[in-house]
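Novice: need coordinates for the following:
(one chain, ligands or ions: 1)
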Amino acid sequence: MVAVDKIRALARLIRESDRTLALTGAGISTASGIPDFRSPGTGRWEKVDPAQVCSVQAFERDPAAFWTNNLEWWLACVRAEPNPAHYALARLEQEGLLLGVITQNIDGLHVRAGSRTWEVHGHLRTCRCLGCGRQHEFGFLVEQYEAGKNPPRCTCGGLLRPDVVLFGDMLGTDFEIATKVLSGCQLLIVVGSSLQVYPVAALPRFARRLVIVNRDPTPWDDKAELVLRDDIVAVFTALLQELGLEQKTASRPG
Ligand SMILES: [Zn+2]
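Specialist: A predicted model of the protein is given here:
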């Protein structure tokens, strides 16, 4: 159970702010079946070194090995569904209580839940050709990989790369836009991010007030007005209830 006083405090902070944003990380998507990279014991990056497998250098060195090492995890992202926490953020936006979501996640689940989203680490909807620059659906690449064509290629023969930010890449325009959107932000709700990856981890400094909903401690906890270490889906379900915005459930006959 999430403490009622904390949910009431969160609801009050949201009502008092007229410029609220959410900043989300892997923790919001674990309830959708996507493992959190940094969870002790199960985190992906405890088993493999990201700089080794998910980097520009790894892609350039051996594109086929790059896809073998990364595609299984990315397909899990592509095939996942938004969970009630993603939908709750979209609902807050519909009610005018949230401007949108800045996310470190590449799973696209905020977009699919209907949020206005700045995806600072890119996404898996498309890929692009390093030869002619043409953008293709990500599925175009997956079809080739699953037919045994590795590395997948553009119709021009050029190598395809994902539209995600790899280690060694510059951050894209979404990050720049996110920093601008955040200026003047009265309330930032961090959800499921341990705030350990820079420069995203520096974004809370733009917000006047800060709330953190994350299972593990973050470097920003002592600057936050409110810290909730509870289950994320439970927090947002209780929050919608507190705000009188209960999610629609199956309609009852009669
Ligand atoms: Zn091409």
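
Novice: hang on, Leu210 packs against Lys223?
Specialist: Yes: taking Cβ atoms under 8 Å as the definition, Leu210 is a contact partner of Lys223 at 5.9 Å. Bear in mind the C-beta positions are built from the backbone N, C-alpha and C, glycine included.

Novice: looking at the two, which is more packed in?
Specialist: Residue environment comparison for Leu210 versus Lys223 gives the larger neighbour count to Leu210, 22 against 14, counting by other Cβ atoms under 10 Å.

Novice: give me the distance from the helix or strand hosting the more buried one to the chain's centre.
Specialist: Mapping Leu210 onto the secondary structure by DSSP states H and E places it in strand 209-213. Averaging C-alpha coordinates over strand 209-213 and over its chain gives two centres that are 17 Å apart (Cα atoms, centre = their mean, to the nearest Å).

Novice: adjacent strands (with direction) for that strand?
Specialist: Sheet pairing of strand 209-213 (DSSP bridges) gives strand 187-191 (parallel), strand 226-228 (parallel).

Novice: with mean pLDDT, distance to the ion and mean neighbour count as extra columns, can I get these in CSV?
Specialist: Written out in CSV, the entries for those read as follows (pLDDT from 0 to 100; distance: least, Cβ to the ion, whole Å; neighbours: other Cβ atoms under 10 Å):
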stretch, mean pLDDT, distance to the ion, mean neighbour count
strand 187-191, 98, 38, 26
strand 226-228, 98, 47, 19
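
Novice: mind putting the ones you listed in JSON lines, distance to Val2 included?
Specialist: Rendered in JSON lines, the data for the strands paired with strand 209-213 read as follows (distance: least, Cβ to Cβ, whole Å):
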{"stretch": "strand 187-191", "distance to Val2": "14"}
{"stretch": "strand 226-228", "distance to Val2": "7"}
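
Novice: follow-up on the earlier one: so for Leu210 and Lys223, which residues contact both of them?
Specialist: Here Leu210 and Lys223 have Pro204 as joint contacts, going by Cβ atoms under 8 Å, 6 or more residues apart in numbering.

Novice: now do the helices in this protein.
Specialist: Along the chain, the stretches classed as helices by DSSP state H are 4-16, 44-47, 50-53, 56-61, 63-79, 84-94, 109-113, 138-146, 173-182, 232-242.

Novice: lowest-confidence stretch among the ones you listed?
Specialist: Comparing mean pLDDT across the helices of the chain, the weakest is helix 44-47, with a mean of 59.

Novice: I'd say Arg125 and Gly108 touch.
Specialist: Yes: the criterion here is Cβ under 8 Å, and Arg125 meets it with Gly108 at 6.0 Å.

Novice: for Pro63, give its distance to the ion.
Specialist: Noted for Pro63: a distance of 14 Å to the ion, by Cβ to the ion, to the nearest Å.
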